[in-house]
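> Sequence first, then the predicted structure:
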Amino acid sequence: MSGAVSRERGLELLREMMLIRRFEERCAELYSAGFIRGFLHLYVGEEAIATGAMRALSPEDNVISTYREHGHAIARGVPPGEVMAEMYGKVEGSSGGRGGSMHIFDASRRFYGGHAIVAGGLPVAVGMALADALQNENRVTACFFGDGAVAEGAFHESMNLAALWNLPVLFLCENNFYAMGTHLSRAQAETNLARKAASYRVPADKVDGMDVLAVEAAVRREVQAVRDGGGPRFLECETYRYRAHSMYDPDRYRSKQEIEGWRRRDPIATLKGALRADHILYEEDVSALEASVEDEVEGAVRVAEEGSLEPVEDLLKNVYTPREIRWRR
Amino acid sequence: MSGAVSRERGLELLREMMLIRRFEERCAELYSAGFIRGFLHLYVGEEAIATGAMRALSPEDNVISTYREHGHAIARGVPPGEVMAEMYGKVEGSSGGRGGSMHIFDASRRFYGGHAIVAGGLPVAVGMALADALQNENRVTACFFGDGAVAEGAFHESMNLAALWNLPVLFLCENNFYAMGTHLSRAQAETNLARKAASYRVPADKVDGMDVLAVEAAVRREVQAVRDGGGPRFLECETYRYRAHSMYDPDRYRSKQEIEGWRRRDPIATLKGALRADHILYEEDVSALEASVEDEVEGAVRVAEEGSLEPVEDLLKNVYTPREIRWRR
Amino acid sequence: MATMTYREAIREAHREALSSDPRVFLMGEDVGRYGGVFAVSLGMAEEFGEERIRDTPLSEVGFVGAGVGAASAGMRPIVEVMTVNFSLLAMDQIVNGAATLRHMSGGQLSVPLVIRMATGAGKQVAAQHSHSFENWYAHVPGLRVAAPATVHDARFMLKAALADPDPVILFEHVLLYNMSGEVEELAGPVDLRRAAIRRAGDDVSLITYGGSLPKVLEAAEHLASGGIDAEVVDLRALRPLDLETILSSVRKTHRAVVVDEGWHTGSLAGEISARIAEDALYDLDAPVERICSAEAPVPYPHHLEQAALPKVDEIAAAAKRRVGSDG
Amino acid sequence: MATMTYREAIREAHREALSSDPRVFLMGEDVGRYGGVFAVSLGMAEEFGEERIRDTPLSEVGFVGAGVGAASAGMRPIVEVMTVNFSLLAMDQIVNGAATLRHMSGGQLSVPLVIRMATGAGKQVAAQHSHSFENWYAHVPGLRVAAPATVHDARFMLKAALADPDPVILFEHVLLYNMSGEVEELAGPVDLRRAAIRRAGDDVSLITYGGSLPKVLEAAEHLASGGIDAEVVDLRALRPLDLETILSSVRKTHRAVVVDEGWHTGSLAGEISARIAEDALYDLDAPVERICSAEAPVPYPHHLEQAALPKVDEIAAAAKRRVGSDG
Ligand SMILES: Cc1ncc(C[n+]2csc(CCOP(=O)(O)OP(=O)(O)O)c2C)c(N)n1
Ligand SMILES: Cc1ncc(C[n+]2csc(CCOP(=O)(O)OP(=O)(O)O)c2C)c(N)n1
Ligand SMILES: [Mg+2]
Ligand SMILES: [Mg+2]
């Protein structure tokens, strides 16, 4: 990893991962305190993927994610205050508070959810890419999903459609080796997920999802291939979630050692180490970053706290498109 | 092919394929005449698969098929009269007349349908094999399906489950290169279907589905492997349907030459040729077989014609298990 | 006025839409080279090209979901799910995708998707191919559901569906495709908020939709010859329901029979029966009666299938009973 | 009598079934090592082994269909579909498989499969995770559908479901798992054909099931303090419906409010409302009223979610209106 990055970019990447992590740790506290409700799926441990991948995508590309998407949203540029406000169910939230943690949308940044049905976002991604192909837009649709999603029929059908129609989709599999409490080896007969892409003649690769620079480089390469009209690509990012599947779980399905092993490969610590080794990161930087990240997260919490609740009379809003909008189309 | 078979077995195989073909040609006439209704999917051209495969299975094995299953049913030993009576909607039919052409069942012969939702039989096959595994039955579940079914999510999920749980399922793909009017190459990005099995670590092979001896040998080998506890196998049988998808279709999706090309590889003609070349088939045999097959088919038609219609008062029968049966369990 | 079949009317509607809006495309199993399993799109691939008349693999979750995605990204896809029977495989994308995206994104997305499917029984295609699940889709907020029951509506309903910014599901009954009828030329899109009175009458309201309309009209003729003047209401829109038209008919006739090919329990007819009794109880001179399908998977043989489905004489008899049972 | 939670009661029911019948096994996502997403099967993998408490991949069509196959081949599978939301992906295997196999094979097969799923809203898990589709399954001939609403029923309904030779779907409302209640020990299986009167009363029938029962009982208490004596009917069986109990309650009270967490239009409550008005019109002193969920995908924020769902005061108000509006 060492020697691969300038101080400026290194700090930028580091800050983003730290921001996502701090943001989510704060979410956990706020959940325990009852400010955030429903399901809360944290991304802690996986930050290198969102951070690295998003940098390789242009603002014109489409991004689709799952219910474990705060990291993706923030890395995509959705203001943390809007993500937090969403979890507070406030109008200032990215989905106006209607969606909560699992349904972050920001159309202005082409961030299209926030899908809580496992693998449910994949066919939608294929359709967005189809729309782009039909409209001659030179746009890539990047679609994040987990190892568990690969077992779903929707994965199979989506991969085939994208390949058959040569659509600009980048399938980004975040393999954290568990679907809730079920280890990949107890869920799928072929655990080398990248190999599955061959069934659809989709070129596939694998990258260390704990290494932000590696992720960025790999995604950049894949995005370019997709953008060049080569059809869909599949990239598996191996990673790990440190925390429970959702906020709480008995965590009876994996060992402390296993978690510890992965923590030793922590993406933030790893990048810090590399930058230090290159003598482009100093202790003051780290504390400055920590302070700045802390500030930003507290700012986000304030946005959420100060936000407003939608009036109950608006309950039926956005079930259908309102007439005013309709006449304008 | 030559030299591979005794006169006795050769005649047996030949007769069965001729029976299936004659039976189905008769079905087509009876459909046009209005005696058979609903959908009628003929197997003409594909007879070598059912004929060869069924011989490699024991009466204790389970067989599951699709809506194009008359050939499978007959080869499995379901009396043609019962199959025909089913299509006449008569009580004497294999499903008591309730199912028609697409839903032939004969539990006494472990012939479990007759599934009309494409790929719908696959998960059911997996479940039957699971039941056998849990009950320590040394039984194979053979599951027939088409090339089109491979695109369905249910295929993906079923293959994975069978492999993951090491279940005794033989996946028998009848690749006739079309799903209705859509050629395989316009439906699937990877047209070498056997390759897809690798995604599930399922051993796969391919056989000429126009060659009854080759099919029998291949299925025998695969069945043995499955029976030996090696988990599921996938066998692709390349074949062709000469007639429309269902009784009538515009047939605008393929060329006369293509059909002619496959007809030249006709499984019945091919076997006849081989037996003749080995000097174990004579002209009298052929006419005797034709006459005997004709007789059997006409007998089947008589069974159907003479059968009885279920009284309308019984409409709600078999929606739920009747009480009498229930107390006996 | 032009005379055409229901099938031709739907085809014409597609041709018009494809010609006038480059964002419109049709996708589904065998819509292209095969011409559609019910020959609705016959010849259209030649006319509009295989990009816009797009054959899909057997992948109901996949291509319906792709329709959702394409719609939300600026296209106006028409997705043909061959029949409602197979739509069960795509239900998640319709219910959790198309119907919710707008709401759960706080109004940022809309899904101007049209899904067409054939529905209904009567062709002896047995248990797995004879379903009617209009009621299920009509239950889902976020969807609009409609069923053309006349050739004219078949011709002009698609236009309304495509003009709608939200997902619309159109149900075409398999027995209607060969029906001939008149089409007013240059008519505007069908108003998806309005039921249609197909026959005015004072004695009893016969309320139905889709494939049951011809049966109900026949029953009404039969009733007329017996001196009973039935009003026939064709719902057209199954969601939202045009309660105004339904209730004002019942307030006039004081009696209602609802006819629906769905299974009796939990049918759309049940919903309508409930609404009438909830909102117009004191206008009713007799209990509402429903004529629905028998509670069994649809059997293959003709006589049993017919016994399972709503029948003209049964509808007429119910109407007579209603009229006879003056409260 | 023993006191336990609804969750424990279901777990006990499983333990009893697994201990007494070697054909019984449980399969579903995370039922094993994780202990079930609602902790129903916690500890059961250790007790019965991973063969019989079988974790499945995320493959709803696959493992539900495997349940159908295993049931028809002699086992007695209990398939846990984590929640009704995900059951949409398995709908084809339930509706076209489990529900039809017996009928379309002319009675040669039966499918003694039990499918359990969590249902309902109230936990702020938003649009895709808060559905109630009991009505859809209750529409399908060939299926039996039931919902334990008390701890006692949670304890003894599984036994009845497993004894049934046909497919049974059991719905467990997510808000009930932590509810404590009494269980009669050594009770027999719940009679799946019978609704239960949870509170006798003469003034109005409050008809409900599953997760709405606690709300309805609370409303009844509230009404009692205001001098209105409500009868509370817990359907228990959603298919077939116990119309006898429903109608005889209404014939006694002459007024009914039906409470159901499904969306209003096309709800199971609608079916019940229709049946009452169709079969007991002349016994009604007021129109039946329904309290259902608002016609919107369930929103995330607490205040909006609560506004969307049936509320205790709303139920009580409806009952008062019914009683007040004597005909
Ligand atoms: C179709 C469906 N089935 C089940 C669930 C419940 N569920 C939510 S997340 C999850 C595990 C998904 O694992 P994976 O795809 O690996 O993603 P990860 O949570 O590890 O990021 C499950 C089973 C769901 N949301 N959707
Ligand atoms: C899920 C589903 N979608 C669509 C159909 C309609 N349909 C029936 S057969 C068929 C083609 C199937 O092709 P294949 O699997 O290759 O089998 P073949 O008919 O060639 O034997 C289609 C599209 C169906 N029955 N089920
Ligand atoms: Mg995972
Ligand atoms: Mg085929």
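That came through, no problem. Treat the numbers as computed from the prediction; the structure is a model and nothing was measured. Ligands and ions are numbered 1, 2, ... in the order given.
> quick one: the strands in chain A?
With DSSP state E as the definition, chain A shows strands at residue ranges A:62-66, A:105-106, A:111-115, A:141-146, A:169-175, A:178-179, A:182-183, A:204-208, A:233-238.
> Reformat those as JSON lines; add mean pLDDT.
Formatted as JSON lines, those follow (pLDDT from 0 to 100):
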{"stretch": "strand A:62-66", "mean pLDDT": "98"}
{"stretch": "strand A:105-106", "mean pLDDT": "98"}
{"stretch": "strand A:111-115", "mean pLDDT": "96"}
{"stretch": "strand A:141-146", "mean pLDDT": "98"}
{"stretch": "strand A:169-175", "mean pLDDT": "98"}
{"stretch": "strand A:178-179", "mean pLDDT": "98"}
{"stretch": "strand A:182-183", "mean pLDDT": "98"}
{"stretch": "strand A:204-208", "mean pLDDT": "98"}
{"stretch": "strand A:233-238", "mean pLDDT": "98"}
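> where does the stretch 101-250 of chain C come near chain D, residue by residue?
C:103-104, C:126-128, C:131, C:135-136, C:138-142, C:239-241 (C-beta under 8 Å from any C-beta of the partner chain). From N, CA and C alone the C-beta is placed, and that goes for glycine too.
> same thing but 10 Å
Where the stretch 101-250 of chain C comes near chain D, counting by C-beta under 10 Å from any C-beta of the partner chain, the residues are C:101-106, C:126-129, C:131, C:133-142, C:238-241, C:243.
> In helices only, show me those.
C:101-104, C:134-138, C:243 (DSSP state H).
> Of those residues - the most surrounded one?
residue C:104 (33 neighbours; other C-beta atoms under 10 Å in any protein chain shown).
> Identify the residues contacting that one.
By C-beta atoms under 10 Å, 6 or more residues apart in numbering or on different chains, residue C:104 lies in contact with A:95-96, A:98-100, A:102-105, A:113-116, A:318, C:96, C:142, D:126-128, D:297-300.
> rerun at 7 Å
A:95, A:98-99, A:103, D:126-127, D:297 (C-beta atoms under 7 Å, 6 or more residues apart in numbering or on different chains).
> now residue C:94, nearest residue through space, not along the chain?
Using C-beta to C-beta, 6 or more residues apart in numbering or on different chains and skipping the chain neighbours, the partner closest in space to residue C:94 is residue C:64 (6.4 Å).
> From what I see, that neighbour and residue C:79 are in contact.
Yes - at 5.7 Å, residue C:64 and residue C:79 qualify as touching, with contact defined as C-beta atoms under 7 Å.
> Now do the shared contacts for those two.
Residues touching both residue C:64 and residue C:79 (C-beta under 7 Å, 6+ apart): residue C:115.
> Helices of chain C, start to end?
C:6-20, C:44-48, C:60-72, C:84-87, C:91-92, C:101-104, C:134-138, C:151-163, C:213-225, C:243-253, C:268-279, C:302-308, C:312-324.
> And the ones you listed: which comes nearest residue D:53?
Taking C-beta to C-beta, helix C:91-92 is the member of these nearest to residue D:53, at 26.4 Å.
> For ligand 1, tell me whether the closest one is touching it.
No - using C-beta under 6 Å from any ligand atom, no contact is recorded between helix C:91-92 and ligand 1, whose separation bottoms out at 7.3 Å.
> what bits of the chain have low per-residue confidence?
By default, I'm working from chain A. For chain A, the stretches with pLDDT under 70 are A:1-2, A:324-329.
> Actually, chain C is the one I wanted.
C:325-327.
> Tell me, how many residues neighbour residue A:302?
Each residue near residue A:302 was counted by other C-beta under 10 Å, and the total is 13.
> swap that for residue A:224, please
Neighbour count for residue A:224, taken as other C-beta under 10 Å: 13.
> Same question for residue C:244.
Neighbours around residue C:244, by other C-beta under 10 Å: 11.
> Ok, the one 4 residues further on next?
Residue C:248 sits with 16 neighbouring residues when counted by other C-beta under 10 Å.
> ok, now residue C:169?
Neighbour number of residue C:169 under other C-beta under 10 Å is 28.
> Good, we can wrap up now.
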